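1. the following block contains a protein sequence and its predicted model.
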Amino acid sequence: MAAADWGGKADHLAGERATAQFDVDGMKVAWAGSRHAVEVADRMACLVASDPVFRKDTRTMLSRKELFKDTLKKAAHAWKRTVELHLTEEEANLLRLYIDQPGYVDLHWVMFVPAIKGQGTEEQQKKWLTMAYKFQIIGTYAQTELGHGSNVQGLETTATFDPSTDEFIMHSPTLTSSKWWPGGLGKTSTHAVVYARLITEGKDYGIHGFIMQLRSLDDHSPLPGITIGDIGGKFGSGAYNSMDNGVMRLDHVRIPRDQMLMRLAQVTREGKYVHSDVPKQLLYGTMVYVRQTIVADASRALSRAVCIAVRYGAIRKQFGSKAGGPETQVLNYKTQQSRLFPFLASAYAFRFVGQWLKWLYTDVTQKLESKDFSTLPEAHACTAGLKSVTTSATADAIEECQKLCGGHGYLNSSGLPELFAVNLPACTYEGDNVVLLLQVARFLMKTVSQVASGKQPVGTTAYMGNIQHLMQCKSVVNTVEDWLNPAAIKEVFEARALRMAVNCAQNISKAPSQEEGFSELSPDLVEAAVAHVQLIIVTKFIEKLQEDILGHGVKEQLQKLCGIYALHLIHKHLGDFLSTGCVTARQGSLANERLGKLYAQVRPNAVALVDAFDYTDHYLGSALGRYDGDVYSALYKEAWKDPLNETVVPDGYQEHLRPLLKQQLKLSRL
Ligand SMILES: CCCCCCCCCC/C=C\CCCCC/C=C/C(=O)SCCNC(=O)CCNC(=O)[C@H](O)C(C)(C)COP(=O)(O)OP(=O)(O)OC[C@H]1O[C@@H](n2cnc3c(N)ncnc32)[C@H](O)[C@@H]1OP(=O)(O)O
Ligand SMILES: Cc1cc2nc3c(=O)[nH]c(=O)nc-3n(C[C@H](O)[C@H](O)[C@H](O)COP(=O)(O)OP(=O)(O)OC[C@H]3O[C@@H](n4cnc5c(N)ncnc54)[C@H](O)[C@@H]3O)c2cc1C
C-alpha cells in the first residue's frame, strides 16, 4: 500500500513556523556567518539533493562492498561536477560535505594535503601538491599504529637513512608497528604521509613525516614490500563503513631522501640531521588544523540531530486532557524541553565558537609564517580542548535525541543511528578526548604557575590575571532576573575555572614530584580543563552577541539561547560551582528557575530556530526531521524499501520456518 493511500492526512509544521518571533533569514545569516555563506551553502546543498547519484536513502541497507563502491562512485562524480562547474575551493568543500558520506577524499583534502603544506618545503609542495590538487594521486595520513595511537612518540615504524643509495628504508619491525586506522589506506590511497622514527648515523631522531607511494598508478596493486588491506567493519550500519580504514606493513621499502618532509628538519646527502630553528611541535600542526575543523563538524552534527528531534517533537502527540481534548505535542512537555533545548543552545554555541576557532587558527598560522611562535601553545590548548568538549557533548546529545524521538528514533530511517555512528569516533580520532583534555590541563598548570610568578596571561587565559578578585568573589546574583546579566554569568564561569585550576596546582605541589602529582590528580585536571573550555564557549557566545546582528528579533533569540547554554551548564555542574564557592545553593536554584522561563520563551520559536540551520531534507536524511513534517507517510514509505520487504514470504521460509511450523503442528496433534 502506498503511503498516500494510507488515509489520514499528515500533520505539518506551518502552525509552528507562524509562532516564530524573529526573522528566520536573519538567523540563517548569523548561523552561516554571512549572506554569502548562506547563498553558497544553499546552492551546493541543492546541487547534491537534485543529483540522483548522491541519493543516500538506502545506504544503511547496502552490504559493505556495495557501500564502498557507492562511495567511490559518489567521490568520482563529485570530482567530475567540480571540474565541469569550475567550482571554487569553498564550493567544492561544501559539495563534499553535503554528499554526507565519509570516504577517502576526506583524508586526502583534510589531512594529506595540509600535512604536505605544513611540513613540506616549497619544492616538495610544488611537486606533490600539484598532483594532489588534480587527483593524479590520492593521499592519506598514516600515523597511528596497531600498538600506539595517542602516544605519538611511541610509534615504531622506522625510516633508516642509507647514504650509499641516498634513500630511506621504511620498515615495520614488529606486528604492533603495523600502520592501523588511516582512512582511505585500506583500498584507495596511492600515497601517504607516513610517520616513522628517523634513524641516521645510527641515532634515533624521533618521529618525522615521509611521503610514500603505496600503490601502482597503473593497476593500483601495492608496491613491492608493502602489505596493505582494510581493518574490517565498524560500528553501525552504513555510517563510517564507507571509509576504508587500513592496515599496512612495510618490509624494507626504499624511498628517495627527498621524500622526507623537510620543512622542519632535514637529512643531508651525507646523512647529517639538521633541525630548523622552529619548534618541533610544528610536526603536530596537521592535527591542530584538523581539530579545528572537527569543532565545526560537531556543531553541524549536533544541529542535525536537534533539527530532527525538534521537528518530530512538534508533530508527535501523546496523551490528551482528561476531558478527551486533543493530544499534547511531545515538545510541549517540560521534561522534553529541558532535555532538548540545551542541545539547541549548544548547537548555536558550538557553531559560534567554531567560527572563532577558525579565526584563531588563521591568526596563528599568519604569525607562524613570520616566525612568531608565541601563540602556538594556546592554539594547541584551544583546538584540543574545544575538539574534546564539543565532540563528547555532540555524541551524547545525538544519543539522547534518539531517545527524545522514542521508538521511531531507533529506526535507521530517522537518520539518528547513522548520525551517531559517524560522529562517535570523533571522540577518539584526532586525539582521544581525555588525552587532549590532559594537554589542556598541562597548559593551565603552566599558566597558573606563570601567574604566581607575576606574568600576565593573555588570550583565553587572560582572566587568570584577575586572580585576586576571582579567587574570593561572590556572585552578585540575587534574583531570577540577575541571571540575564552576561557579566554575572561570565564572572561565575571564570571564578569556577580558575579556582578548579588553582586547586589542582596546589594539590600537585604537595606531591613528591610534579609528574606524580599530575598523574594522581588527572581526574580533577580533566574537570578543570572542561571548566576552562566551557568558559571559552560561554565567553565567545557572549562576545558574538556584542556584534552587529541584523534581522528582527534575531539577537533576542540568541540572547535566550546563550542564557540557556550557560545556565544549563551551571545546573549540570552545580557541584563544581558550589564546592568552589562560586555560587550559593540559592543562586543555583535561581539559575534553574531562570532556565525554565527561558525554555518557555524558546518553545514558540523552536521549529524556526532549527529551520535557520537551513538543511535540505536530503542532507538531514530523516523521515522524522522532514521540513514539511509529513512524518508518518515518510516512515511508512521508508519501511517498504527494506530488502526484507522485497518478497512477501521471506527467504529461509522453505528451509527453516516451514519445517518448524509443520513439525510443531504435527506434535500438537499427537
Ligand atoms: C554522515 C557523514 C558525514 C561525513 C561528512 C564529511 C565531511 C568532511 C569533513 C571531514 C572532517 C574531518 C575528517 C576527519 C577525519 C579524521 C580522521 C582521523 C585522523 C586521525 O586520527 S590522525 C591521528 C591523530 N592522532 C592523534 O591525535 C594522536 C594524539 N596524540 C598527540 O597529539 C600527542 O602525542 C600528545 C599531544 C598527546 C602528546 O604528545 P608528546 O609528544 O608525548 O608530547 P608531550 O610531551 O605531551 O608534549 C610536548 C610538547 O608539545 C606540545 N604539543 C603537543 N601537541 C601539540 C600540538 N598539536 N601543537 C602544538 N604543541 C603541541 C605539548 O603541549 C608540550 O608542550 P610543552 O613541552 O608543555 O610546552
Ligand atoms: C574512525 C577512526 C578513524 C581514524 N583515522 C585515522 C587516520 O586517518 N590516520 C591515523 O593515523 N589515525 C587514525 N585514527 C586513529 C586515532 O587517531 C587513534 O585511535 C586515536 O589517536 C586514539 O589513540 P588509540 O586508539 O591508541 O587510543 P589509546 O591511547 O589506546 O586509548 C585507550 C584509552 O586509554 C586512555 N589513555 C591513553 N593514554 C592516556 C593517558 N596518557 N592518560 C590517561 N588516559 C589515557 C584513553 O583515554 C582511552 O580511554 C582513526 C581512528 C578512528 C576511530
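-> In hand now; what should we look at? Numbers count the residues shown, from 1 in each chain. Ligands and ions are numbered 1, 2, ... in the order given.
2. run the chain-centre distance for the host helix or strand of Leu590.
-> Element membership for Leu590 (DSSP states H and E) is helix 585-602. Distance, stretch centre to chain centre, for helix 585-602: 30 Å (C-alpha atoms, centre = their mean, to the nearest Å).
3. swap in stretch 120-134?
-> With C-alpha atoms, centre = their mean, you get 28 Å for stretch 120-134.
4. got the buried residues for that stretch?
-> Gly120, Thr121, Gln124, Gln125, Lys127, Trp128, Leu129, Ala132 (16 or more other C-beta atoms under 10 Å). C-betas here are computed from N, CA, C, even on glycine.
5. give me the pLDDT value at the last one.
-> According to the model's per-residue confidence, Ala132 sits at a pLDDT of 98.
6. any idea whether it is helix, strand or coil?
-> helix (DSSP: H, G, I helix; E, B strand; the rest coil).
7. which non-adjacent residue is nearest the closest residue to ligand 2 within the stretch 501-650 of the chain?
-> Nearest residue of the stretch 501-650 of the chain to ligand 2, counting by C-beta to the nearest ligand atom: Ser522, 6.2 Å away. Distance criterion C-beta to C-beta, 6 or more residues apart in numbering; nearest residue to Ser522, sequence neighbours excluded, is Leu438 at 6.3 Å.
8. count the residues that sit near that neighbour.
-> 20 (other C-beta atoms under 10 Å).
9. and Met248, that one's in a strand?
-> Yes: under three-state DSSP, Met248 sits within a strand.
10. contacting residues for it?
-> Ala142, Ser172, Ser178, Lys179, Pro182, Leu185, Ala192, Leu214, Ile226, Thr227, Ile228 (C-beta atoms under 8 Å, 6 or more residues apart in numbering).
11. give me the subset of the buried residues of stretch 120-134 lying in helices.
-> Gln124, Gln125, Lys127, Trp128, Leu129, Ala132 (DSSP state H).
12. residues in contact with the helix holding Leu590?
-> With C-beta under 8 Å, 6+ apart as the test, helix 585-602 has contacts from 334, 337-338, 341, 344, 475, 477, 479-484, 557, 560-561, 563-564, 567-568, 570-571, 574, 577-578, 583, 609.
13. run a quick neighbour tally on Phe168.
-> 27.
14. determine whether the claim that it is in a strand is correct.
-> Yes: secondary structure assignment (three-state DSSP) places Phe168 inside a strand.
15. so for it, what's the pLDDT?
-> Looking at Phe168, its pLDDT is 98.
16. that one pairs with what?
-> Phe161, Ile255 (DSSP bridges).
17. what about the closest residue to Glu201 other than its chain neighbours, which SS state?
-> Leaving aside its chain neighbours, Glu201 sits nearest to Gly271 (5.3 Å; criterion: C-beta to C-beta, 6+ apart). Per three-state DSSP, the local secondary structure of Gly271 is coil.
18. from now on call the first residue 28
-> Will do, 28 is the new start, and the previous item becomes Gly298.
19. wait, isn't Gly298 in contact with Phe188?
-> Yes: the criterion here is C-beta atoms under 8 Å, and Gly298 meets it with Phe188 at 5.2 Å.
20. which one's more surrounded, the two?
-> Legend: neighbour count by other C-beta under 10 Å for Gly298 and Phe188, higher for Phe188 (23 against 16).
21. so which bits of the stretch 28-177 of the chain are right by ligand 2?
-> Within reach of ligand 2 by C-beta under 6 Å from any ligand atom, the stretch 28-177 of the chain has these residues: Leu134, Tyr168, Ala169, Gln170, Thr171, Gly176, Ser177.
22. tell me which residues touch the closest residue to the fifth one other than its chain neighbours, please.
-> Right, the one you point to is Thr171. Nearest non-adjacent residue to Thr171, counting by C-beta to C-beta, 6+ apart: Trp208, 4.5 Å away. Neighbouring residues of Trp208 by C-beta under 8 Å, 6+ apart: Thr171, Gly176, Ile258, Asn272, Gly273, Tyr456.
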